[in-house]
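Enquirer: Starting from these lines, generate the structure:
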Amino acid sequence: MKKYISLAAGFVLFTVSACTPSAPVTDNATPTKAASPTATSSENPSPKPSASSTSTPKADEKPTNSNVSGWQDYKSSAGKFSIQVPSKPQEQSQDQKTDVGTIKLNMVIAEANDSGYFVGYADFPNKIANPADVQKGLADSVKGSVANLKGDIKSEKEYLLGDIPCRDFEAGGKVQSTDVSMKGRFCLADNRLYQVFALGAKDKFSTADVDRFIASFKIEK
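Expert: Here you go, the predicted structure:
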């Protein structure tokens, strides 16, 4: 399971890098509804988080009950989201250097049946001038993440979570000699990037559980 956590952390870091806006507007500009990523999937992945970069769980980011295993509600006041996870989650954070400055990446990680369930979020320092390219940027981020898995995208589509633009996808690939499946949803809300996905061994990957996980994701404004 740890190999999936390390690999998925690299995916999240890559997505943050790939979605780093290159054309921020001035601070007094009118905020847009979503960020507009512009980088392509040809960028190299960012380094994986080291053990020393992780943070201890925050008091306001925790499950609403104390069960170690089994589905439970999780709510993050700092992340402004809620979701259901299949086991007690871990929390990590890391500062990631980008072209527009240092961005703090936050991750929530749960595991079940040799699969990892991940929520990552990060805030960009500026709003984006043109929100029309959001889906292109999300698509590039999906492609880059799956490329790191040396896999193929099985399906992808645009999705609106309320009025927040997202992109759903399914993919397959390999981790070492293991065939794996990956399924998720990337969203951009104002200047915040969310990544919600599951990754695990193909023969143990529960589509029903992953669908429950993704469908339960809610963003609070």
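Enquirer: State the number of residues packed around the nearest residue to Phe124 once chain neighbours are set aside.
Expert: Distances taken as C-beta to C-beta, 6 or more residues apart in numbering place Asn191 nearest to Phe124, at 4.4 Å, with adjacent residues excluded. Where you see a C-beta, it was placed from the backbone N, CA and C, and this is true even at glycine. Asn191 has 18 neighbours, counted by other C-beta atoms under 10 Å.
Enquirer: Likewise for Ala208?
Expert: 7.
Enquirer: I'd guess it is in a helix, am I close?
Expert: Yes - counting by DSSP: H, G, I helix; E, B strand; the rest coil, Ala208 is found in a helix.
Enquirer: From Glu220, how far out is it?
Expert: 26 Å (C-beta to C-beta, to the nearest Å).
Enquirer: follow-up on the earlier one: quick check, pLDDT for the residue nearest to Phe124.
Expert: Each residue has a pLDDT score; the one for Asn191 is 81.
Enquirer: same thing with Ser17?
Expert: 57.
Enquirer: can you map out the strands along this structure?
Expert: For the chain, applying DSSP state E gives strands covering 61-63, 69-76, 81-87, 90-98, 101-112, 115-123, 152-161, 164-175, 178-189, 192-201, 218-219.
Enquirer: between those strands, which gets the lowest average pLDDT?
Expert: It's strand 61-63: among these, that one has the lowest mean pLDDT, namely a mean of 50.
Enquirer: ok, back up a step: could I get the phi/psi values of the residue nearest to Phe124?
Expert: phi -100, psi 20 (degrees, to the nearest 10).
Enquirer: Numbering from 10 from now on, please.
Expert: In the new count, where the first residue is 10, that last one comes out as Asn200.
Enquirer: Look up how far Ile92 lies from it.
Expert: 21 Å.
Enquirer: wait, isn't Arg176 in contact with Asp149?
Expert: No - shown here, Arg176 and Asp149 do not form a contact pair, counting by C-beta atoms under 8 Å, at 10.0 Å.
Enquirer: residues in contact with stretch 168-177?
Expert: With C-beta atoms under 8 Å, 6 or more residues apart in numbering as the test, stretch 168-177 has contacts from 42-43, 143-144, 147-148, 150-151, 165-167, 193-198, 223, 226-228.
Enquirer: Buried only: go through these for me.
Expert: 43, 143-144, 147-148, 150-151, 165, 193-198, 223, 226, 228 (16 or more other C-beta atoms under 10 Å).
Enquirer: between the strands of the chain, which gets nearest to Val155?
Expert: strand 173-184 (4.4 Å; C-beta to C-beta).
Enquirer: Run the angle between that closest one and strand 187-198 for me.
Expert: 160 degrees (axes from the mean of the first three to the mean of the last three C-alpha atoms, to 10 degrees).
Enquirer: And strand 173-184, what's buried?
Expert: Applying 16+ other C-beta under 10 Å to strand 173-184 flags 173-182, 184 as buried.
Enquirer: Can you lay out those residues as JSON lines showing distance to Asn115?
Expert: As requested, these are exported to JSON lines (distance: C-beta to C-beta, whole Å):
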{"residue": "Ile173", "distance to Asn115": "18"}
{"residue": "Pro174", "distance to Asn115": "21"}
{"residue": "Cys175", "distance to Asn115": "18"}
{"residue": "Arg176", "distance to Asn115": "20"}
{"residue": "Asp177", "distance to Asn115": "22"}
{"residue": "Phe178", "distance to Asn115": "21"}
{"residue": "Glu179", "distance to Asn115": "25"}
{"residue": "Ala180", "distance to Asn115": "23"}
{"residue": "Gly181", "distance to Asn115": "27"}
{"residue": "Gly182", "distance to Asn115": "25"}
{"residue": "Val184", "distance to Asn115": "23"}
